[in-house]
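*Asks:* Whatever this is, show me its structure:
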Amino acid sequence: MSDRLVIQSVTKFFGSAQNPVRAVDDLSLNVRENEFFTLLGPSGCGKTTLLRLIAGLESCDTGKILLDGVDIAGLPANKRPVNTVFQSYALFPHMTVADNIGFGMSMQGKDAKDIEKATADALALMRMENFGARYPSELSGGQQQRVALARALVNRPKILLLDESLSALDYKLRKDMQIELKRLQRETEITFIFVTHDQEEALSMSDRIAVMERGRIGQLGTPQEIYHRPVSRYVADFIGICNFVAAPSLGLSESGHIGFRPEDATLLIREGQQPDVAGPIVHGKLDALSYHGAVTYYQVTLDSGETVTVADHEKLPVGVDARVRVALLPDMLIRCAS
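*Replies:* So this is what the prediction gives:
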């Protein structure tokens, strides 16, 4: 699969010349054709600034942004074959849904019949064929989200940029829209670049993820690579829950710390109970448990003084202050840079 977007050594400063802030720091990456690509990271990591640089809403201080091999870094936003869906949706309240969707084509001077057909096709893609005559105030949050997506997709951009576009939705609607976004990306075969701080969103939708840290990419890989094989403690800690324990505490001869995910450990609560797979076993005391429906989290303080979290799909018959053992899956241990 060829590259749709190539970013080469891009840097962006904010602030004064005397006290510059490097929001994007000599960053390079590639995004492939027909890829759902996510920029993931906490506030202030540079992910939204990078998206705005791609969109043309900010200008690069150094570097190139190549779209299908052409440097677009000097082009204004309205000359780039890129559309953006913002967190606020930015729908025009005085326009109908159909007029909102067709607004961009109208501003480009497209023929009225072409606009009407493209708008109808976009509504069908969103499964909103009967909503064209409504106004944004008559729509739910999820429906407004779909209209914003239809407006961004109607003229078939080469790249669709999504800036924290699910964050305003409630949990169930957000989960539904994750499935919907992936469907839209697959059906339209348009490259999506999605910005979020939500690890679950990134893991569930993305073909690849770039985890950003202080204006740079901490790790670039598939969701499985990012989650199970993080290259640094920063990435491991940011993606879900990750326990880190000194290697000697696990009976290992190596130095440094070893990581493991809560679901890659088993809580042994009975004397003589053995794990299904042989691996390191450590002793400790159960400090707390937290029931989350499909999973229960158990917080254990090891005899070494370190605290870890273990996940189980069952609520085990064990109480706080009980002596327990934690058995680890040897193949799932995480070794990464500090």
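
*Asks:* ok, the nearest residue to residue 12 once chain neighbours are set aside to residue 54 distance?
*Replies:* Closest residue in space to residue 12, ignoring its immediate chain neighbours: residue 24 at 4.2 Å, by CB to CB, 6 or more residues apart in numbering. Where you see a C-beta, it was placed from the backbone N, CA and C, and this is true even at glycine. Distance of residue 24 to residue 54, computed by CB to CB, to the nearest Å: 11 Å.

*Asks:* ditto for residue 45
*Replies:* 16 Å.

*Asks:* Give the other helices and strands that the helix or strand where residue 98 lies contacts.
*Replies:* Assigned by DSSP states H and E, residue 98 falls within helix 97-107. In this structure, helix 97-107 makes packing contacts with helix 112-125, helix 141-153, judged by 3 or more CB pairs under 8 Å, 6 or more residues apart in numbering; DSSP states H and E.

*Asks:* Output the ones you listed in JSON lines; the columns should cover mean neighbour count.
*Replies:* Putting those into JSON lines (neighbours: other CB atoms under 10 Å) gives the following:
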{"stretch": "helix 112-125", "mean neighbour count": "16"}
{"stretch": "helix 141-153", "mean neighbour count": "22"}
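
*Asks:* To residue 35, which of these lies closest?
*Replies:* Nearest of the helices and strands packed on helix 97-107 to residue 35, taken as CB to CB: helix 141-153 at 16.0 Å.

*Asks:* what's the closest one in contact with?
*Replies:* 83-86, 89-91, 97, 100-101, 103-104, 119, 122-123, 125-128, 131, 136, 139, 160, 165-166, 168-170, 173, 176-177, 180-181, 184, 188, 190 (CB atoms under 8 Å, 6 or more residues apart in numbering).

*Asks:* now the angle from the helix holding residue 98 to helix 112-125?
*Replies:* Calculated by axes from the mean of the first three to the mean of the last three CA atoms, to 10 degrees, helix 97-107 forms an angle of 130 degrees with helix 112-125.
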